[in-house]
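Student: Got a predicted structure here, sequence first:
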Amino acid sequence: MQFDLKIKDPKSKARAGVITTDHGTIETPIFMPVGTVGTVKGVHQSELKDEINPDIILGNTYHLYLRPQMEIIEQAGGLHKFMNWDRNILTDSGGYQVYSLSGRRKINEEGVKFKSHIDGSTHFFTPENVMEIQRTIGADIIMAFDECTPYPCDYGYAKQSMHMTHRWLKRCINHLEKVPTKYGYSQTFFPIVQGSTYTDLRKQSAEFIASVEAEGNAIGGLSVGEPAEELYAMTDVVCSILPEDKPRYLMGVGTPINILENIALGVDMFDCVMPTRNARNGMLFTAHGTINIKNKKWENDFSPIDEMGITFVDTMYSKAYLRHLFAAKEMLGKQIASIHNLGFYLWLTREARKHIIAGDFADWKDKMVKQMDKRL
């Protein structure tokens, strides 16, 4: 993987760059649609490519490991071929999913023992076998195995967990050297900064991660319930330490406003289930605020879903029609809303890039944050 930092915004820490892998280029800042089990939920691959048009999507190691399982993915020739996706894929390590299992898992120095949410069967993740799983999935960018701490988190536990994540990182790196790639293209490895919302721990972790000199770095353990101010404070601390010439990925973040504020702090890559999850519940994101399309106020509104026309669905369908689909519980409603929200997230990061290059990102960001912080 290669990262070329093209330009920095003069009034913030925002940057525009280009990541190049064997599956193509990724213009940053970028939002990555979440394709948890080999599909971006509710969106056909052709719509994903032609309308939303992301350079990269995300797959989930935990979910793919359980279903369809590694034997099927390997027989298919990797996740790209299995899901018919010829662009970039990033896989997370499963650390966040293991964290979210709560009472269904036990963590120790060796790894994590957990029970499947599907059938209750028992499994064990270690830094070593998670690297092997991600080799088999075949993503272009793969993540270190880490522990994601909850919020709030006791300082002592956060410190203990951070150091274990660092020890696990060394095991990941050592094992990757023993396990070759499987499908004829390279994979890039990102370690993950942890440390909860404690500034000293975040500094320690960022310094340790930077010392590994990986090709890119991730920031984990945020967007787990902490106030936005703490999210931004921790991101700022970490980005001031992580090397400038490597891409920075803030995991699991977030709202459109979160994304713009973190771009301003120097983050390059984002993912979140929010655009599709909220879409399935009738919430639409727009440049002028959020819309609950289920509300009666849209019943007779025959204007386009979004007059900006970011994707084909925005001007093809009216708000009244989309509201009707939700009221009638038609699947098409959730599909239309998902396409719109993903299209908006991609539009937002691409507009951010344009304004970084133009040199007026900070002013544009402030205007957009005010506009989007409304309920329509």
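Tutor: Thanks, I have it. As the structure is a prediction and not an experimental result, all values here were calculated from the model.

Student: Could you pull out the strands in the stretch 151-300 of the chain for me?
Tutor: 188-190, 192-193, 217-219, 248-250, 269-271, 283-286, 289-292 (DSSP state E, counting those that start in this stretch).

Student: Most tightly packed of the ones you listed?
Tutor: Of all those, strand 192-193 carries the top mean neighbour count, a mean of 31, counting by mean count of other CB atoms under 10 Å. Where C-beta positions appear, they are placed from N, C-alpha and C, glycine not excepted.

Student: need the strands of the stretch 151-300 of the chain in a markdown table with mean pLDDT and distance to residue 138, can you?
Tutor: Shown next, in a markdown table, are the strands of the stretch 151-300 of the chain (pLDDT from 0 to 100; distance: least, CB to CB, whole Å):
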| stretch | mean pLDDT | distance to residue 138 |
| --- | --- | --- |
| strand 188-190 | 98 | 12 |
| strand 192-193 | 98 | 20 |
| strand 217-219 | 98 | 19 |
| strand 248-250 | 98 | 19 |
| strand 269-271 | 98 | 18 |
| strand 283-286 | 98 | 32 |
| strand 289-292 | 98 | 37 |
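
Student: can you put the ones you listed in a markdown table and add distance to residue 76?
Tutor: Output for these, formatted as a markdown table (distance: least, CB to CB, whole Å):
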| stretch | distance to residue 76 |
| --- | --- |
| strand 188-190 | 22 |
| strand 192-193 | 28 |
| strand 217-219 | 27 |
| strand 248-250 | 26 |
| strand 269-271 | 23 |
| strand 283-286 | 34 |
| strand 289-292 | 38 |
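
Student: and of those, who's closest to residue 114?
Tutor: Closest of the strands of the stretch 151-300 of the chain to residue 114 is strand 192-193, at 18.6 Å (criterion: CB to CB).

Student: Domain map for this protein?
Tutor: 29-272, 273-376 (automatic domain parsing).

Student: Including distance to residue 17, could those go into JSON lines?
Tutor: As requested, the domains of the chain are arranged in JSON lines below (distance: least, CB to CB, whole Å):
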{"stretch": "domain 29-272", "distance to residue 17": "6"}
{"stretch": "domain 273-376", "distance to residue 17": "9"}
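
Student: right, so of these, which gets closest to residue 13?
Tutor: Smallest distance to residue 13 across those (CB to CB): 3.9 Å, for domain 29-272.

Student: Now find how far off-centre that closest one is within its chain.
Tutor: Here domain 29-272 is found 8 Å from its chain centre; the criterion is CA atoms, centre = their mean, to the nearest Å.

Student: okay, how far is it across it, tip to tip?
Tutor: 14 Å (CA to CA, to the nearest Å).

Student: of all the domains of the chain, which lies closest to residue 7?
Tutor: Here domain 273-376 is closest among the domains of the chain (CB to CB), at 5.6 Å.

Student: returning to that earlier point: go through the strands of the stretch 151-300 of the chain and name the closest to residue 300.
Tutor: Of all the strands of the stretch 151-300 of the chain, it is strand 289-292 that lies closest to residue 300, at 14.9 Å by CB to CB.

Student: quick one: contacts of the next helix or strand after the closest one?
Tutor: Proceeding N to C from strand 289-292, the next assigned helix or strand is helix 312-316, under DSSP states H and E. Residues from elsewhere that reach helix 312-316, judged by CB atoms under 8 Å, 6 or more residues apart in numbering: 51, 304, 305, 306, 307, 308, 309, 336, 339, 340, 343.

Student: can I get those residues in JSON lines with neighbour count, pLDDT and distance to residue 262?
Tutor: Output for the contacts of helix 312-316, formatted as JSON lines (neighbours: other CB atoms under 10 Å; pLDDT from 0 to 100; distance: CB to CB, whole Å):
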{"residue": "51", "neighbour count": "19", "pLDDT": "93", "distance to residue 262": "25"}
{"residue": "304", "neighbour count": "16", "pLDDT": "97", "distance to residue 262": "30"}
{"residue": "305", "neighbour count": "29", "pLDDT": "97", "distance to residue 262": "27"}
{"residue": "306", "neighbour count": "22", "pLDDT": "96", "distance to residue 262": "24"}
{"residue": "307", "neighbour count": "11", "pLDDT": "93", "distance to residue 262": "28"}
{"residue": "308", "neighbour count": "15", "pLDDT": "94", "distance to residue 262": "23"}
{"residue": "309", "neighbour count": "13", "pLDDT": "95", "distance to residue 262": "27"}
{"residue": "336", "neighbour count": "26", "pLDDT": "98", "distance to residue 262": "28"}
{"residue": "339", "neighbour count": "27", "pLDDT": "98", "distance to residue 262": "24"}
{"residue": "340", "neighbour count": "28", "pLDDT": "98", "distance to residue 262": "23"}
{"residue": "343", "neighbour count": "26", "pLDDT": "98", "distance to residue 262": "20"}
